[in-house]
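Asker: I'd like to go over a predicted model; first the sequence, then the structure.
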Amino acid sequence: QVQLVESGGGLVQAGGSLKLSCVVSGRTFSTYVLAWFRQVPGKERAFVALITGSGDFTDYADSVKGRFTISRDNDKNTVYLQMNSLKPEDTAVYYCGAGRRLVTTAHSYTSWGQGTQVTVSS
């Protein structure tokens, strides 16, 4: 198990940008698949993006393709989510998850951060 701490959320106008960060504790950082999910009240946690341990493969939800970019720095034990051209429907709590499987389902990720709120105003 690892511990994750997200940061970088906030309030931004539609069309703006934010960059989320997630610092992961533990020496096995590079062995984990890392992913970003988001959740709004009353709905399940939804997949946003994932990246493999080496960073050589990424995947995105259709709703964010071309606008969001996931990356990782294995020297800093950090995964990032660069969010551009933000829309009001991107408003959610964003969570960073760590797991061993290359999947887009939340229940497959075994460790989670506390979440960071992103609010996009119209």
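Answerer: Structure received.
Asker: number of residues surrounding R100?
Answerer: Using other C-beta atoms under 10 Å as the criterion, R100 is surrounded by 12 other residues. (Glycine included, C-beta is placed from N, CA and C.)
Asker: now do the contacts for the closest residue to N84 other than its chain neighbours.
Answerer: Excluding its sequence neighbours, the residue lying closest to N84 (C-beta to C-beta, 6 or more residues apart in numbering) is S17, at 4.7 Å. Counting by C-beta atoms under 8 Å, 6 or more residues apart in numbering, S17 touches Q82, M83, N84, S85, L86.
Asker: give me the neighbour count for the second one.
Answerer: Read it as M83. The number of residues near M83, taken as other C-beta under 10 Å, comes to 26.
Asker: same question for the first one.
Answerer: Here the count is done by other C-beta under 10 Å, and Q82 has 15 residues near it.
Asker: please, which helix or strand holds the closest residue to it other than its chain neighbours?
Answerer: Leaving aside its chain neighbours, Q82 sits nearest to T69 (4.4 Å; criterion: C-beta to C-beta, 6+ apart). In this structure, T69 sits in strand 68-73 according to DSSP states H and E.
Asker: strands paired with the next helix or strand after that strand, and their directions?
Answerer: Downstream of strand 68-73, the next assigned helix or strand under DSSP H and E is strand 78-83. Here strand 78-83 has these sheet partners by DSSP bridges: strand 18-24 (antiparallel), strand 68-73 (antiparallel).
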